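Asker: Take this sequence and fold it.
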Amino acid sequence: MKNTLLLSLVCLAPLGTPPAALAAPPNVVYILADDLGYGDLGCYGQQKLKTPHIDRLAAEGMRFTDHYSGNTVCSPSRANLMTGQHPGRVHCRGNGDENRVAALDPTMTTLPRLFKNAGYATGAFGKWGLGITVDPGPPNPLTHGFDRFSGWKSQAIAHTYYPDQHRP
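Answerer: Numbers count the residues shown, from 1 in each chain. From the prediction side, this is the model:
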């Protein structure tokens, strides 16, 4: 799997890129936003709301036009992305008790762990939604390959625009 990831990253370099430029892997910023549709950003034609920072990222990087959510609700979609498993095989089938139905197995191979093994610094910011830590240990995202995490571990708490609870 690691070789596949590295091959994919090298394939992202434009044709004719000098070999020295290929030595440095590209930066990767993946924005996962619940309830954000294809036409909700300026870079894809939306004109009523301004999204200048995301539009700039799209203009200076890559845009994807054939990307679909792995599932219909939060936790299973995140599980699909983190594990690379399709909805029929992923452990999480819906939102619910996050420690029972959504928590990732700490030994599971995850996308951030693959990036970390390839030498990347990794971080997640916002809503985790794949299990919460009930003991005083580190937040779950840090046990799955992320170097930094800031946000809400519970997808239920983060369902509102302004969560009324402090981040754990």
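
Asker: just the helices in this protein please.
Answerer: Counting by DSSP state H, the chain has helices at residues 2-11, 19-22, 52-60, 74-83, 111-117.

Asker: lowest-confidence stretch among those?
Answerer: Mean pLDDT values for those show the minimum at helix 2-11, a mean of 30.

Asker: pLDDT of stretch 125-132, averaged?
Answerer: 85.

Asker: Look up how far Val29 lies from the residue nearest to Gly126 when sequence neighbours are not counted.
Answerer: Leaving aside its chain neighbours, Gly126 sits nearest to Gly151 (4.5 Å; criterion: Cβ to Cβ, 6 or more residues apart in numbering). Any C-beta I mention is one placed from the backbone N, CA and C, and that applies to glycine too. Gly151 sits 16 Å away from Val29, going by Cβ to Cβ, to the nearest Å.

Asker: Same question for Leu111.
Answerer: 13 Å.

Asker: Those two: which is more packed in?
Answerer: Shown here are Leu111 and Val29; by other Cβ atoms under 10 Å, Leu111 has more neighbours (18 against 9).

Asker: And for the nearest residue to the more buried one once chain neighbours are set aside, the neighbour number?
Answerer: Nearest residue to Leu111, sequence neighbours excluded (Cβ to Cβ, 6+ apart): Met82, at 5.5 Å. For Met82, the count of nearby residues is 25 (other Cβ under 10 Å).

Asker: ditto for His91
Answerer: Neighbours of His91 (other Cβ under 10 Å): 15.

Asker: Please, where are all the strands along the chain?
Answerer: 123-127, 148-152 (DSSP state E).

Asker: Please parse this structure into its domains.
Answerer: 37-67, 72-159 (automatic domain parsing).

Asker: ok, back up a step: residues in contact with the residue nearest to Gly126?
Answerer: 124-128, 158, 167 (Cβ atoms under 8 Å, 6 or more residues apart in numbering).

Asker: mind checking how far the closest residue to Leu104 other than its chain neighbours is from Phe146?
Answerer: In space, and not counting its chain neighbours, Leu104 is closest to Leu130: 5.1 Å by Cβ to Cβ, 6+ apart. Counting by Cβ to Cβ, the gap from Leu130 to Phe146 is 11 Å.
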